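Asker: Using only what follows, build the 3D model:
(2 chains)
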Amino acid sequence: DVKVTQSSRYLVKRTGEKVFLECVQDMDHENMFWYRQDPGLGLRLIYFSYDVKMKEKGDIPEGYSVSREKKERFSLILESASTNQTSMYLCASSFPLTGDSPLHFGNGTRLTVT
Amino acid sequence: QKEVEQNSGPLSVPEGAIASLNCTYSDRGSQSFFWYRQYSGKSPELIMFIYSNGDKEDGRFTAQLNKASQYVSLLIRDSQPSDSATYLCAVNSGGYQKVTFGTGTKLQVIP
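Answerer: Model prediction:
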């Protein structure tokens, strides 16, 4: 089974802090994704990566950046956390490069910014 | 803006009945369609995917796709209380799997 592991299940951070969310997958997937999920808004794509050191903006990239230095690891960075970034963050991976492979999700990180 | 629309529910069905979940999408170029199930407090998990017009069956689940009408549906036969969850419709309209999700339909199966 594919395993996508997010480093933290719950995080509480203060406004203005730099926040790192880590995600690791063990199936050699090319594609990795970061989504946030909010009630009534559903899952929204923040960033995705289809190869090491490659990244593409999703629908809501403002206030976020990403890093993919190794194939198995995809990090989401909140440069200066704000209260409107309080959300559930979901990492996902998929294989292959074409658009017909399902997403495998991690367990999520619930981030609260106070 | 590519959109995927779902009725938020809740959709309540009695145990043993057929649950019908619907989804419409705006991009006629969409090619891949997915149904995910999400239990409260958990992450989404794939139930089914469909690419071609028509029906695709997997156990108690049937996905239906009609590209001309731009809708995809999920039927759950013999619904069980364990099927109670939010069901997310997802559509891939382009390369590199830039998938757009609907907001989900909450299903409640009443024992």
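Asker: which element is the closest residue to A:Y10 other than its chain neighbours on?
Answerer: Spatially, and ignoring its direct neighbours in sequence, A:Y10 is nearest to A:R110 (5.2 Å; Cβ to Cβ, 6 or more residues apart in numbering or on different chains). Heads up, the C-betas are built off the backbone N, CA and C, glycines and all. Per DSSP states H and E, A:R110 falls inside strand A:109-113.
Asker: got the contact list for that strand?
Answerer: The list of residues contacting strand A:109-113 from outside it, by Cβ atoms under 8 Å, 6 or more residues apart in numbering or on different chains, reads A:6-15, A:17, A:19, A:21, A:81-83, A:85-90.
Asker: out of those, which are buried?
Answerer: Listed as buried from the contacts of strand A:109-113 are A:6, A:11, A:13, A:19, A:21, A:81, A:85-90; burial here means 16 or more other Cβ atoms under 10 Å in any protein chain shown.
Asker: could these go into CSV alongside pLDDT and secondary structure?
Answerer: Listed next are the buried ones among the contacts of strand A:109-113 as CSV, based on pLDDT from 0 to 100; DSSP: H, G, I helix; E, B strand; the rest coil:
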residue, pLDDT, secondary structure
A:Q6, 96, strand
A:L11, 97, strand
A:K13, 97, strand
A:V19, 97, strand
A:L21, 97, strand
A:A81, 97, coil
A:Q85, 98, helix
A:T86, 98, coil
A:S87, 97, strand
A:M88, 97, strand
A:Y89, 98, strand
A:L90, 97, strand
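Asker: and A:Y89, how far is that from A:T112?
Answerer: 11 Å (Cβ to Cβ, to the nearest Å).
Asker: what does chain B put close to chain A?
Answerer: B:8, B:31-32, B:34, B:36, B:42-46, B:49, B:51, B:88, B:90, B:92, B:94-104 (Cβ under 8 Å from any Cβ of the partner chain).
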